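Trainee: sequence and predicted structure, then a few things I'm wondering about:
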Amino acid sequence: MVFTCPVGIGRTTPRDQVSGHNRRKLLRTGALLALGGAAAPLTGCDLFDRDVEPAPPPDPLRPMLDEALGLAAAYRTNATAHPELAERLGPIAETHTAHATELARVIGVALPSAPAADPSATAATEPAGALAALRAREKTAQRSATAACAAAPAERAALLGSIAAARATHQEALK
Amino acid sequence: MRQPTAGEALAAVLSAEYAAIYAYGRIGVRLTGAARESAHQAEAAHRRRRDALVVQLSTTGGTVPPGRAGYALPFPVTDRASALRLAVEVEERTAAHWRAALASTTGPDRDQALAALVEYAVRATRWRKTAGVTPPTVAFPGRPS
């Protein structure tokens, strides 16, 4: 919640007196908004502080970062459950972590140390089932990277292109 | 450094596609069976992209760089192993040029560049599998190392 229009407290020109009603209305609205905001705590002084910047919107690549961390976690889970696949799955898990690291750098956030909660990161009981499930996830992830690349500004397009391509190569490597 | 225009980036890609076609001529003769067939298919894919680029650059008023009679290969191709190694190299290098074109393009041109990057990266992975290289993938396909 941000007030961008000057409230003008302390001004006593005739024009202000005329608009006094509107000012009261504005102040009353502010009080209501402040009450309504009780669930999301306000930090006391930001209500009339014109220097406060609104919180920046989340970076559009944030879901890509979370997806890369989720993929890395899924590979690690399956590699632990099926040691005979570890040699194939390990390098791909490392690649997803490398993607997450690079995305965090581009977004300008620290790489989350623990992977995001990923309820689907449960290993399949059979190795073949594990490979099929990972291939399906890579296919979905390739689509999201493709969409992100198409929508990205020039300076991010190459990174997202490499991530889309890597996810396609993983499907090939899992065959 | 100034961002190349779409025309400049695609002209650079076209030069890379010429070299890829030349290289596959040298690769194919060192392979047999399924691998040779894969090399022919790969060469045909690079020819299709070359032809499409020539048309695209001509119709948009861009500069169409000429192909050369021969290209210096990064290492001699003398047997199956070196042929497969060069095939991986060719796919990675052409992928790198298409990747570079992503930043210079938007809309359908960028979609086309991404489709090429993905296709060549996947083919590089297939060649690594054929050659028995592990792992068969790289973290950032097309990124200059």
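Mentor: Happy to help now that I have it. What you see is a predicted model, and the numbers here were worked out from it, not measured in a lab.

Trainee: going by C-alpha atoms from here, please, whenever you check contacts or count neighbours.
Mentor: Will do.

Trainee: chain neighbours aside, what residue packs nearest to B:Arg26?
Mentor: Residue nearest to B:Arg26 in three dimensions, not counting chain neighbours: B:Val77, with 7.1 Å by Cα to Cα, 6 or more residues apart in numbering or on different chains.

Trainee: distance of the one you found from B:Ala23?
Mentor: Distance of B:Val77 to B:Ala23, computed by Cα to Cα, to the nearest Å: 9 Å.

Trainee: okay, and the common contacts of the two?
Mentor: By the contact definition Cα atoms under 8 Å, 6 or more residues apart in numbering or on different chains, B:Val77 and B:Ala23 are jointly contacted by B:Leu86.

Trainee: so for these two, which residue has more residues nearby?
Mentor: Counted by other Cα atoms under 10 Å in any protein chain shown, B:Val77 and B:Ala23 do not tie: B:Ala23 has more neighbours, with 22 against 18.

Trainee: so who does the more buried one touch?
Mentor: B:71, B:73, B:86-87, B:90.

Trainee: and it, how far is that from chain A?
Mentor: 23 Å (Cα to the nearest Cα, to the nearest Å).

Trainee: quick check: the gap between that residue and B:Arg123.
Mentor: In terms of Cα to Cα, B:Ala23 sits 15 Å off from B:Arg123.

Trainee: next: A:Thr97.
Mentor: Between A:Thr97 and B:Arg123 the computed distance is 23 Å (Cα to Cα).

Trainee: give me the buried positions along the longest helix anywhere in chain A.
Mentor: If you go by DSSP state H, chain A has its longest helix at helix A:127-151. For helix A:127-151, burial by neighbour count (16 or more other Cα atoms under 10 Å in any protein chain shown) applies to A:127, A:130-135, A:137-139, A:141-142, A:144-146, A:148-150.

Trainee: what's that helix in contact with?
Mentor: For helix A:127-151, the external contacting residues (Cα under 8 Å, 6+ apart) are A:61, A:64, A:67, A:71, A:74-75, A:78, A:82, A:85, A:123-124, A:156-158, A:160-161, A:163-165, A:167-168, A:170-171, A:174-175, B:106-107, B:110-111, B:114.
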